[in-house]
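Asker: build me a model:
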Amino acid sequence: MVNLLYIPLLILGLLTGTSIAQEVSDGKAIVTDRCTSCHNISGPAPATLNALRKRQAPDLFYAGSKFRREWMINWLQNPTPIRGSGVLYLDHIAVTEGKDLVAVNSIQPCPTKLSRAESAAVTDYLLTLQDPQLQLGTVNIKKRFPKHKGLRLFRKQLPCIGCHQIKVGKRVVGGVSGPNLTDAGRRLNPDWVYSRIENPQYWDPKTWMPRVPMSPKKRTLLTRFIATMKSDQPAAIPPTGSSFGTAATMSDFVTVSDETNESAELNYQLYCSQCHGSQGNGRGINDSAGGLSVSPRNHRLAEQMKKLTDKELRLAISKGGDAMEKSGLMPPFGKTLSETEIDEMAHYLRKLCECQGPS
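Answerer: Okay, here's the model as predicted:
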C-alpha cells in the first residue's frame with residue numbers, strides 16, 4: 001500500500017519523467033555527506049538528558065511524517081532557525097540582572113545551503129523517512145471551523161502561547177522555548193501536529209513540551225488553527241527578550257550525567273526553567289519574551305511559597321494551574337513526570353525557597 005504522504009512525490013515523477021529512485025538516491029548521498037554530522041536520520045530520539053545535550057540539530061528520522069514538501073525544498077536553500085532559543089534553550093541563556101534572555105549570538109543557522117535541484121533531491125529522500133505508526137487522514141484542514149475558538153484555545157485555555165510564537169493580525173506573540181509556529185501551516189503535516197499534541201513524548205522522550213490531556217475535538221480544533229499559520233517568513237530572529245551577551249550553558253546550572261539524569265534539579269531546568277527561570281525566580285525566557293500574560297511564580301520567594309502545602313505543590317506540578325484555580329499557562333506535567341519525580345520536584349521547590357509549608 002502506498003503511503004499517502006508519498007503520493008505527491010510519485011505524481012511529480014510522472015509529470016517530469018524523472019526517476020524517483022534516482023532522486024532519492026541522490027538526496028541520500030547529499031544528506032550522508034553534509035547533514036548526518038549534526039542530524040539524526042536513523043533514530044531513536046534521545047532518551048536521557050545527557051543524550052539530549054549532544055543533539056546538535058533537529059532529528060530527521062521521521063522527517064517525511066513531519067514536514068511538507070514545498071516548504072522543505074525552499075527552506076533547504078536558505079536555512080533559518082526555527083527555534084528562536086536554539087535546539088536546546090538551556091544552552092542559549094544570557095542571565096542579565098536576574099532575568100533569563102535568549103543569547104541570540106550563540107544560535108547559528110544551518111551552514112548548508114543547497115541549490116534548488118539539491119534541495120529537491122534531499123527532500124525526496126527525507127520524505128521517505130516516515131514513522132509507520134502515524135495515523136494519516138486524522139485531520140481535514142480544509143473543513144471550515146471557527147478560527148476565533150482555535151485562537152482562544154491556543155492563547156487562553158491551553159498553555160501553548162507560553163512557549164510558541166504565532167501571528168495574530170500583524171503582531172507576533174508568544175514564548176520562545178518551543179518552535180516558532182508562525183509558518184507552521186506551510187511547514188508541518190497536520191496529522192503529525194495532531195499526533196505531537198496528543199503524545200509529545202512518543203516523538204521525543206525528553207521534550208519539554210508537556211502532554212496535556214484534551215478531547216479529540218479540542219486536538220482537532222487546535223491542529224486546524226495551527227494549520228492557518230502561513231506566514232511567508234517566520235518571526236524575526238532575534239526574538240523579543242533577547243541579548244547579545246555571553247551564553248551560559250546547562251552545565252553552568254547543573255551537573256549533567258546519565259547517573260543523575262532523573263534528578264529533580266535536572267528536571268526543573270528542563271521542564272520548569274523555560275518559564276520559572278534558570279535561577280527559579282520566575283524570570284524565564286518565555287516571560288522575558290512576553291509569552292506569558294501572568295508572571296510565573298518566583299520559587300525563591302519564601303513569603304509566598306510557605307503558604308503552599310506539599311500536597312498543593314504536587315497538585316500544581318501534576319495537574320497544572322487550572323487545578324489550583326490559577327493560570328492555565330502553567331501546564332500539567334502528570335503525564336510527563338512520574339509520581340516519584342513529582343514528589344522529588346516538590347522537595348526541590350522547598351530547597352529553592354528555603355522554607356516549609358503549613359503543617
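
Asker: show me the contacts for Leu151.
Answerer: Neighbour list for Leu151: Val168, Phe225 [criterion: CB atoms under 8 Å, 6 or more residues apart in numbering]. Just so you know, the C-beta spots here come from the backbone N, C-alpha and C atoms, and that holds for glycine as well.

Asker: and it, that's in a strand?
Answerer: No: assessed with DSSP: H, G, I helix; E, B strand; the rest coil, Leu151 is helix; it does not lie in a strand.

Asker: check what pLDDT it gets.
Answerer: The model reports Leu151 with a pLDDT of 97.

Asker: can you pull out the strands in the stretch 201-350 of the chain?
Answerer: For the stretch 201-350 of the chain, the strands defined by DSSP state E, counting those that start in this stretch occupy 242-243.

Asker: for the stretch 251-359 of the chain, give me the ranges with low pLDDT.
Answerer: 251, 253-262 (pLDDT under 70).

Asker: residue boundaries of the helices in it?
Answerer: Remark: helices assigned in the stretch 251-359 of the chain by DSSP state H, counting those that start in this stretch are 264-267, 273-276, 285-288, 302-305, 310-319, 339-353.

Asker: pipe those into CSV and attach distance to Arg83 per row.
Answerer: Shown next, in CSV, are the helices of the stretch 251-359 of the chain (distance: least, CB to CB, whole Å):
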stretch, distance to Arg83
helix 264-267, 20
helix 273-276, 12
helix 285-288, 11
helix 302-305, 31
helix 310-319, 25
helix 339-353, 25
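
Asker: so which of those helices comes closest to Ala247?
Answerer: For these, proximity to Ala247 was assessed by CB to CB; helix 285-288 is nearest, at 11.7 Å.

Asker: sorry, back to before: of the helices of the stretch 251-359 of the chain, which is nearest Arg144?
Answerer: helix 285-288 (32.2 Å).

Asker: and the helices of the stretch 251-359 of the chain: which comes nearest Gly174?
Answerer: That would be helix 285-288 among those, by CB to CB, at 8.2 Å.

Asker: from the middle of its chain, how far away would the closest one be?
Answerer: Averaged C-alpha coordinates place helix 285-288 at 15 Å from its chain's average position (CA atoms, centre = their mean, to the nearest Å).

Asker: contacts for that helix?
Answerer: With contact meaning CB under 8 Å, 6+ apart, helix 285-288 is reached by 85, 89, 93, 99-102, 162-163, 175-177, 240-241, 274-275, 277, 292, 295-296.
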